[in-house]
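S.K.: Below are the sequence and a predicted model; questions follow.
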Amino acid sequence: MTSRSGALRQTIPAQPGKPSEMWRNACWGALILVVTFAAYAPALRGGFLWDDAGHVTRPELRSLAGLGRIWFEFGATQQYYPALHTAFWIEHRLWGDAVLGYHLLNVLLHVAAACLLARVLRRLAVPGAWFAALLFALHPVCVESVAWISEQKNTLSTVLYLAAALAYLRFDAAGEPGFAGGGGAPGRSSSRLQAYGVATVLFGLALLTKTVTATLPAALLVVFWWQGRRLSWRREVVPLVPWFALGAGGGLLTAHFERQLIGAQGADFSLGLIERGLLAGRVFWFYLGKLAWPADLIFIYPRWHLDPAAAWQWLFPAAALALLAAAVVASWRHPRGRSALAALLLFAGALFPVLGFFNVYPFLFSYVADHFQYLATLPVFALAAAAGATLVAGRPRWIRAALAGAVAVLLGGLTCMQAARYRDVFTLYETTLARNPTCWMAHNNLAIALAAAGRVPEAVPHLETALALKPDFAQAENNLGDDLVRLDRVPEAIPHFERALRLQPAYAAAHRNLGMALAMMDRPDEAVPHFARAVEIEPADADAELDWAVALAQIRQFPAAVPHFERAVALAPNSADAQLAYGTALAAHLDLEAAVARFRAALARAPESAEIHRALALALRRLGRLDEAREHDLAARRLGGAIAP
């Protein structure tokens, strides 16, 4: 960031309300809107990607009661970001599972963030504000945050972050040096307090969308220092104390969730202080390098091996410290030097949560990801745009426009190519593996996508490769076992489920899958404990409850099975399968009237099921109600099922 006079003395741009200024801002905003949508066009109709199902509102949370759970029940959502999940809740009400709506909104949020960046920079009288917005809108390093639905947490939180910053700057510039106004006019003091309240609400919502925004109060202090102000406790610090407290609380809560609920703990995260220092230096230069030269962007980058004995790895933190020292010296020698130091502090501060000092789950497979630096890019783009504007100042307008256009075309083209890689899971993971062939997570995720598409034989080699690369990968063991079951290779599947459970004893899906495999091998008595354990781990798993009930019924423990049938039906009231299985067990236990009631309930949920018509016809025939049975026999035949004997 560079002010026109070195150290900025005023935060309000001259004559913001002039029609020509408003027209210029509108033109820039429209331009950014058009070029951003053009650059992201290849991703707009892309499907759901990794983790999107965990963010788009799940069925059990789509009601008003579900919205309450989003806010007041820890663990109801993947991470406790209730503002984010409220946005997803509203979006699902508007367009359901249609991916286009989510993609359009994410691009719009990115455009809004770019325009707000320009607004903040203009308020700070930073030259090249709109060019900085254009850089942000079109830089390919932002693609992961914009084209990936799960990363709406980035785009939405950045909009709220910048809106909070803008509101706070209005509060700060409103007049009196004191926090609450001091001796100013009552109306003016009230206006300042209102601005502070709006800013605080926006900051709170930003925190509840993504806690990396907790860095905002520190960023504001850096901005005030960059302006040449002498930071005072009363004016600059006291108003931000509540924000620091909110940010610290949000950060601690997120760190707890990362460790306890998401799994950011264990041997893969056991880094010593020295290793974390080496990592921080390398992460810093990696992100700065990708901004300067955005080549070879990958969805999942290779995970580095940290070795304090390797002298070259010490070059990264040493160079980072040297850069900081040089910026500090420059800030002493010349007012303009403050701009570089301020941008450096803002960049490193926004990256601080992901530099390696705290465990975050993606560190399991990579220490870096493009979406980690979405917010941190803002000061770098501001500094680059200000430097560029200073260099071309006084040049003819057509030269400035041509240079800006050339940069926009270059970055827009790169973004368009990068966005195309996010159009579907197959393209994304195949591209990732082409550049990072040892990425065991990409092999596993591609296998999941292949199996879901019915291409199970193609999935198996990827899971075998994932396990060769990471032998202690419990999820891949479970997925491989599941795919072998689908290929009717049940005896081969059982050892994989057993190994998954040795690696991760509290793995509910592996317990359930092992139980199902054992039941398929006519070993339901051995399956029962695994279904019971699956339910113990995940009490709301209706499928595990149903499998447990069916297994108990198979070993002639029908009275013990009944409560589990009842709970399965209660957990999944719209499930035809649960009603059908319950009815089948009742019929086997010779409670035919109750079985008929269950079959009718199943039919109400799946009226086009030949299997249910056939089961109902058989039960009715055994009750001697032949006319009714004949109707369902005919329906089963019409739907392609055999007539009940």
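M.R.: Ah, there it is. Residues are numbered from 1 along each chain as shown.
S.K.: Identify the residues contacting the residue nearest to the spatial centre of the chain.
M.R.: What sits nearest the mean C-alpha location of the chain, by Cα atoms, centre = their mean, is Ser150, with 3.5 Å. Taking Cβ atoms under 8 Å, 6 or more residues apart in numbering, we find Ser150 in contact with Leu49, Trp50, Asp51, Asp52, Gly54, His55. C-beta: built from backbone N, CA, C; applies to glycine.
S.K.: Roughly how far does it sit from Leu552?
M.R.: Ser150 sits 39 Å away from Leu552, going by Cβ to Cβ, to the nearest Å.
S.K.: With Glu526 instead?
M.R.: For Glu526, the distance to Leu552 - Cβ to Cβ - is 13 Å.
S.K.: Looking at these two, which one has more neighbours?
M.R.: More neighbours surround Leu552 than the other of Glu526 and Leu552, with 25 against 16 (other Cβ atoms under 10 Å).
S.K.: Look up how far Lys470 lies from the more buried one.
M.R.: From Leu552 over to Lys470 (counting by Cβ to Cβ), the distance is 37 Å.
S.K.: Report how many residues lie close to Met417.
M.R.: 14.
S.K.: err, Gly289, not the other one
M.R.: As a measure of burial, Gly289 has 11 neighbours, counting by other Cβ under 10 Å.
S.K.: Would you mind pulling the contact partners of the helix or strand hosting it?
M.R.: Gly289 is part of helix 273-292 when elements are defined by DSSP states H and E. Residues from elsewhere that reach helix 273-292 (Cβ under 8 Å, 6+ apart): 139, 141, 271, 297, 304, 306, 308, 313-314, 316-321, 347-348, 351, 354-357, 367-368, 370, 372-373, 376-377, 380.
S.K.: Just the buried residues from those residues, in ChimeraX please.
M.R.: A single ChimeraX command selects the buried members of those (16 or more other Cβ atoms under 10 Å):
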select :139,141,271,297,306,313,316,317,320,347,348,351,354,355,356,367,368,370,372,373,376,377,380
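S.K.: can you list the domain ranges for this structure.
M.R.: The record assigns the chain these domain ranges, following automatic domain parsing: 19-56+97-177+185-420, 576-645.
S.K.: worst average pLDDT in the ones you listed?
M.R.: Across the domains of the chain, domain 576-645 has the smallest mean pLDDT, namely a mean of 85.
S.K.: Next, report how far that domain is displaced from the centre of its chain.
M.R.: Chain-centre distance of domain 576-645: 44 Å, with Cα atoms, centre = their mean, to the nearest Å.
S.K.: ok, for Ala549, nearest residue in space, not its chain neighbours?
M.R.: His564 (3.6 Å; Cβ to Cβ, 6 or more residues apart in numbering).
S.K.: thinking the one you found is in contact with Ala551, fair?
M.R.: No: using Cβ atoms under 8 Å, His564 makes no contact with Ala551, being 9.2 Å away.
S.K.: Give me the more crowded residue out of these two.
M.R.: Ala551 (26 against 23).
S.K.: any idea how far the more buried one lies from Glu608?
M.R.: Relative to Glu608, Ala551 is positioned 28 Å away (Cβ to Cβ).
S.K.: Check Leu306 too.
M.R.: Distance of Leu306 to Glu608, computed by Cβ to Cβ: 57 Å.
S.K.: Report the distance from the strand or helix carrying Val159 to the chain centre.
M.R.: Here Val159 sits within helix 152-173, counting by DSSP H and E. Mean C-alpha position of helix 152-173 versus that of the full chain (Cα atoms, centre = their mean) differs by 20 Å.
S.K.: Check which helices and strands it is in contact with.
M.R.: Applying 3 or more Cβ pairs under 8 Å, 6 or more residues apart in numbering; DSSP states H and E, one finds that helix 152-173 contacts helix 82-95, helix 99-123, helix 143-147, helix 186-207, helix 216-226.
S.K.: Can you tell me which of those is nearest to Leu433?
M.R.: Leu433 sits nearest to helix 143-147 of all the helices and strands packed on helix 152-173, at 16.6 Å, using Cβ to Cβ.
S.K.: contacting residues around that closest one?
M.R.: 40, 43, 46, 103, 106-107, 110, 151, 154-155, 297, 299, 369-371, 374, 415, 418-419, 422.
S.K.: so who does Ala587 touch?
M.R.: By Cβ under 8 Å, 6+ apart, the contact set of Ala587 is Ala595, Ala615, Leu618, Ala619, Arg622.
S.K.: typo on my end, it should be Arg400
M.R.: Arg400 touches Val392, counting by Cβ under 8 Å, 6+ apart.
S.K.: Report the separation between Ile149 and Ala447.
M.R.: Counting by Cβ to Cβ, the gap from Ile149 to Ala447 is 21 Å.
S.K.: now swap in Ala98 and tell me
M.R.: Ala98 is 27 Å from Ala447, by Cβ to Cβ.
S.K.: In terms of neighbours, single out the busier of the two.
M.R.: Higher neighbour count among Ala98 and Ala447: Ala447, with 27 against 12, using other Cβ under 10 Å.
S.K.: quick one: that one and Asp482 touch, right?
M.R.: No: using Cβ under 8 Å as the test, Ala447 is too far from Asp482 to be in contact (10.0 Å).
S.K.: in the helix or strand hosting Val409, what's buried?
M.R.: In this structure, Val409 sits in helix 397-420 according to DSSP H and E. By neighbour count with 16+ other Cβ under 10 Å, helix 397-420 contains the buried residues Arg400, Ala404, Val407, Ala408, Leu411, Gly412, Leu414, Thr415, Cys416, Gln418, Ala419, Ala420.
S.K.: Need the residues you listed in TSV (columns: distance to Ala292).
M.R.: Listed next are these as TSV, based on distance: Cβ to Cβ, whole Å:
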residue	distance to Ala292
Arg400	22
Ala404	18
Val407	13
Ala408	17
Leu411	12
Gly412	18
Leu414	13
Thr415	16
Cys416	20
Gln418	16
Ala419	21
Ala420	23
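S.K.: which one of these sits closest to Phe72?
M.R.: Of those, the one sitting nearest to Phe72 (Cβ to Cβ) turns out to be Ala419, at 37.0 Å.
S.K.: Could you pull up the contacting residues of the closest residue to the closest one other than its chain neighbours?
M.R.: Among residues not flanking Ala419 along the chain, Ala43 sits closest, at 4.1 Å (Cβ to Cβ, 6+ apart). Each residue near Ala43 by Cβ under 8 Å, 6+ apart is listed here: His103, Val143, Val146, Ala147, Ala419, Ala420, Tyr422, Arg423.
S.K.: if I pick the fifth one, what's in contact with it?
M.R.: It refers to Ala419. When contacts are counted by Cβ under 8 Å, 6+ apart, Ala419 touches Ala39, Tyr40, Ala41, Pro42, Ala43, Val143, Val146, Ala147.
S.K.: swap the cut-off to 10 Å and go again
M.R.: Counting by Cβ atoms under 10 Å, 6 or more residues apart in numbering, Ala419 touches 39-44, 46, 103, 107, 140, 143-144, 146-147.
S.K.: Those, buried ones only, as a ChimeraX selection?
M.R.: Remark: buried members of these, expressed as a ChimeraX selection using 16+ other Cβ under 10 Å:
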select :39,40,42,43,44,46,103,107,140,143,144,146,147
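S.K.: still on that earlier bit, and the angle from the helix holding Val409 to helix 99-123?
M.R.: Angular relation of helix 397-420 and helix 99-123 on a 0 to 180 degree scale: 150 degrees, by axes from the mean of the first three to the mean of the last three Cα atoms, to 10 degrees.
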